[in-house]
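Colleague: Any chance you can model this:
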Amino acid sequence: MENILLDTLLFDYYNPLLTRKQSEIYELYYLQDMSLSEIGQECGITPQAVRDILARTRKNLEKYEDALGIVKKHEMLGELREKLGSILEMDIKNADIAKELKESIDFLSLIIGS
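Modeller: Now for the predicted structure:
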């Protein structure tokens, strides 16, 4: 998985577990693409302090993922949805099976938000 996507998913799922300052700085850096200097100026801290907060925040997010595995489960559900979609694209003669597959894909899409 691309690092930016992973960073975004980790933040999306575990943001409520971060402090307000960690969340603010992480969002400014990763989602608003601000530089360390720009964030430092906005928050009244040095760029090195911003770098340290980002490193600690990233470590915390990875620790939460190691413990809870929500991003990994998100990926697994996406893979399952793709497999079911491939099966559904086959020429399925049984309408009941096709309907069940379609409903399963719709449910998975609802769960993983895509």
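
Colleague: Mind pulling the model confidence for the closest residue to Leu36 other than its chain neighbours?
Modeller: Closest residue to Leu36 apart from its sequence neighbours, by Cβ to Cβ, 6 or more residues apart in numbering: Pro47 at 3.9 Å. The way it works is simple: take the backbone N, C-alpha and C, and place the C-beta from them, glycine included. At Pro47, the predicted lDDT confidence score is 97.

Colleague: Just to check, Pro47 is in contact with Tyr29?
Modeller: No: when contacts are counted by Cβ atoms under 8 Å, Pro47 is not listed as touching Tyr29 (10.9 Å).

Colleague: More neighbours: which of these two?
Modeller: A direct count of neighbours by other Cβ atoms under 10 Å for Pro47 and Tyr29 places Tyr29 higher, at 20 against 14.

Colleague: in whichever strand or helix holds Lys102, what's buried?
Modeller: Counting by DSSP states H and E, the element that carries Lys102 is helix 95-112. Across helix 95-112, burial judged by 16 or more other Cβ atoms under 10 Å covers Leu101, Ser104, Ile105, Leu108.

Colleague: returning to what we had before: tell me who's in contact with the residue nearest to Leu36.
Modeller: Counting by Cβ atoms under 8 Å, 6 or more residues apart in numbering, Pro47 makes contact with Ser35, Leu36, Ser37, Ile39, Gly40.
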